[in-house]
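Visitor: next comes the sequence, and after it the predicted model I'd like to discuss.
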Amino acid sequence: MEIRTRFAPSPTGDLHIGGARTALFNYLFAKSMKGKFLLRIEDTDLKRSKSSLTEKIINDIKWLNIPWDEEIVFQRQNRNKHKQIIDYLLEKGLAFKCFAKKENHTESNIEKIGTREPAFRSPWRDLSKNTQPNKQYVVRFKVPSDPSRINFTDKVRGELSWDLSTIEDFVIARSDGSSTYNLAVVVDDHNMKISHVIRGEDHLTNTVKQLLVYQALNWVTPEFAHIPLIHNERGEKLSKRDGKSSLLDFKQEGFLPDAMLNYLARLGWSYKDEEFFNLNQAISWFTLDGVGKSPSRFDIKKLLNISKKHLISKPADEIHKLLLQYIKIYKNISLSESFSEKLRQYLPLVVERCTSLGEIFEASSFLFEADELRDKKALALLDDNSRKIISNFVYAIKSANFAWNSKLLNEFINAYCQESSLKFRDIGIPLRIALTGSTSSPSIVHIMEILGKHQTLDRLNMNVD
Ligand code: GLU
């Protein structure tokens, strides 16, 4: 049997970190078994689904470098197939038209999972067709009473048994005739020959409902694997309130896809003590047995750590290319040849201190940002004494004649300090502020070398009266 998994996002918002992890686990599992990973956009909720969000989700998955097989399936296009199955279930008496008013049994008060209270049973489930009024209705699935439980083996959680009296007669078609999620998913998974459904544990009750539909239709059920949710540092479900919770947030901060993949894979899955790895390694190691049963905690420090390792493992030229792309897309800056070259020279000095492209940008933007901006920052940090020091230094170095490189600059500054009875930092700090607008940066003589004599003097002159 071919292993076929799918990722089935609803395009109603940005791709959540949890969704990205679900996509990754489905991909890793399929590829570890030499199977296929498919993508299905669940866009049947016409009010909430937006094509711009579909595009964003697809871009996010592309960005993560997890390629899907076959054509993307748009659930909306399968509406007729869903309808046929709804009609079939109605015809066989496995589903029924329900005319009961919605306000009498909203979803929240009918489904009291975990409370032992029996769930909603519609008064219409056993009434004969002749008694049906000519009014709006929804179609509900007739949850069987015998057997009273459903048992199944979850690939992560093991043997599970569910009391069916806690599952309400759930809606499978809305009053406009459109299929709900629980029906559409079964029909599509069946037609797409999905062998394994891997998704978040918040779908467990949906799985019970879907299993009932599979049984009613006499279809082979796929294997199910429910992965534990991702929690924030306070042990609550990770949400928008936690600041960064969508993949886009991390893209914008300049995390590399390799680092995100590595970190997401470790959120709930492990292989021996491996912490730092690439996608191919993860494919070769992935098993559903390696997925833990308890919630995983989103630990930003761990992400930063992994991210840093991925950054420094990349060749300098690649970082340079990625950084230029990042600056263009997220900072809207296209660098000229000469600034791009300065950035290239500067990168080796700064990469080791940074955890993301965003941090590298912050640390290097002084090279190319507008003079006024840097000047403003410097102005706030330099006092009169520092200005005087800079002024004297400019006077001395202007007329000095030596090759403008870090080694000779270092020698020059040391000699100058000795003559003027200054310590290196007495001159180093004001220089750093005047040249970069900041008090922290890599070695000042390297920065002077990269800026070149002309720009160094220009920048210093701007900071003296
Ligand atoms: N569209 C559903 C969601 O985004 C898919 C769940 C599933 O994998 O079946 O939660």
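Guide: In hand now; what should we look at?
Visitor: partner residues bridging residue 41?
Guide: Beta-bridge pairing of residue 41 under DSSP bridges involves residue 74.
Visitor: check contacts around it.
Guide: Going by Cβ atoms under 8 Å, 6 or more residues apart in numbering, residue 41 touches 8, 9, 10, 11, 54, 57, 58, 72, 73, 74, 75. For glycine as for every other residue, the C-beta is placed from the backbone atoms N, C-alpha and C.
Visitor: same check, this time on residue 263
Guide: By Cβ under 8 Å, 6+ apart, residue 263 lies in contact with 302, 303, 306, 307.
Visitor: three-state assignment of the second one?
Guide: Following DSSP: H, G, I helix; E, B strand; the rest coil, residue 303 is assigned to helix.
Visitor: what is the host helix or strand of residue 209 packed up against?
Guide: Using DSSP states H and E, residue 209 sits in helix 204-217. Contact analysis of helix 204-217 by 3 or more Cβ pairs under 8 Å, 6 or more residues apart in numbering; DSSP states H and E lists helix 79-91, strand 138-141, strand 149-154, helix 181-191, strand 223-227 as its packing neighbours.
Visitor: mind doing that once more with 10 Å?
Guide: helix 79-91, strand 138-141, strand 149-154, strand 158-163, helix 181-191, strand 196-200, strand 223-227 (3 or more Cβ pairs under 10 Å, 6 or more residues apart in numbering; DSSP states H and E).
Visitor: quick check: buried residues in it?
Guide: 204, 205, 207, 208, 209, 210, 211, 212, 213, 216, 217 (16 or more other Cβ atoms under 10 Å).
Visitor: how distant is that helix from the center of its chain?
Guide: Relative to its chain's centre, helix 204-217 lies at 29 Å (Cα atoms, centre = their mean, to the nearest Å).
Visitor: now check that helix, is it near the ligand?
Guide: No - no part of helix 204-217 sits near the ligand under the criterion Cβ under 6 Å from any ligand atom; the closest distance found is 6.8 Å.
Visitor: show me the contacts for the closest residue to residue 426 other than its chain neighbours.
Guide: Nearest non-adjacent residue to residue 426, counting by Cβ to Cβ, 6 or more residues apart in numbering: residue 389, 6.6 Å away. Neighbouring residues of residue 389 by Cβ atoms under 10 Å, 6 or more residues apart in numbering: 382, 383, 420, 422, 426, 427, 429, 430, 431, 434, 464.
Visitor: just the buried subset of these, please.
Guide: For the contacts of residue 389, buried by 16+ other Cβ under 10 Å: 382, 422, 427, 429, 430, 431, 434, 464.
Visitor: most distant residue from the middle of this structure?
Guide: Most distant residue from the mean C-alpha position of the chain: residue 419, 56.2 Å away (Cα atoms, centre = their mean).
Visitor: wait, that residue touches residue 427, no?
Guide: No - in this structure, residue 419 is not within contact of residue 427 by Cβ atoms under 10 Å, at 11.4 Å.
Visitor: distance check, the closest residue to residue 23 other than its chain neighbours against the ligand.
Guide: The shortest distance from residue 23 to any non-neighbouring residue, by Cβ to Cβ, 6+ apart, is to residue 7 (4.0 Å). Between residue 7 and the ligand the distance is 7 Å, computed by Cβ to the nearest ligand atom, to the nearest Å.
Visitor: again with residue 34
Guide: From residue 34 to the ligand the distance is 22 Å (Cβ to the nearest ligand atom).
Visitor: I'd guessed that residue sits against residue 3; true?
Guide: Yes - the pair residue 34 / residue 3 is scored as a contact, 7.3 Å apart, by Cβ under 10 Å.
Visitor: tell me who's in contact with the closest residue to residue 66 other than its chain neighbours.
Guide: In space, and not counting its chain neighbours, residue 66 is closest to residue 27: 4.4 Å by Cβ to Cβ, 6+ apart. By Cβ under 10 Å, 6+ apart, the residues touching residue 27 are 5, 7, 37, 39, 61, 64-69, 198, 261, 265, 279, 282-283, 286.
Visitor: is it true that residue 27 lies in a helix?
Guide: Yes - assessed by three-state DSSP, residue 27 belongs to a helix.
Visitor: confidence score at it?
Guide: pLDDT recorded at residue 27 is 98.
Visitor: give me the secondary structure label for residue 404.
Guide: The assignment at residue 404 comes out as coil when based on three-state DSSP.
Visitor: can you count the residues close to the nearest residue to it once chain neighbours are set aside?
Guide: The spatially closest residue to residue 404, leaving aside those adjacent along the chain, is residue 453, at 4.6 Å (Cβ to Cβ, 6+ apart). Applying other Cβ atoms under 10 Å, we find 16 other residues in the vicinity of residue 453.
Visitor: ok, residue 453 - contacts?
Guide: Counted by Cβ under 10 Å, 6+ apart, residue 453 has contacts 397, 398, 400, 402, 403, 404, 409.
Visitor: now the second one: closest residue in space, sequence neighbours ignored.
Guide: When you say that, I think you mean residue 398. Residue nearest to residue 398 in three dimensions, not counting chain neighbours: residue 457, with 6.4 Å by Cβ to Cβ, 6+ apart.
Visitor: residues of the stretch 151-300 of the chain that sit close to the ligand?
Guide: Neighbours of the ligand within the stretch 151-300 of the chain, by Cβ under 6 Å from any ligand atom: 185, 199, 203.
Visitor: show the pLDDT at the last one.
Guide: Translated: residue 203. What the model reports as pLDDT for residue 203 is 97.
Visitor: separation between residue 401 and residue 185?
Guide: Residue 401 sits 77 Å away from residue 185, going by Cβ to Cβ, to the nearest Å.
Visitor: those two: which is more packed in?
Guide: residue 185 (27 against 4).
Visitor: residue of the stretch 51-200 of the chain closest to the ligand, please.
Guide: residue 199 (3.8 Å; Cβ to the nearest ligand atom).
Visitor: number of nearby residues for the residue nearest to that residue when sequence neighbours are not counted?
Guide: Using Cβ to Cβ, 6+ apart and skipping residues adjacent in sequence, the residue nearest residue 199 is residue 22, 5.6 Å away. Look at residue 22: counted by other Cβ under 10 Å, it has 22 neighbours.
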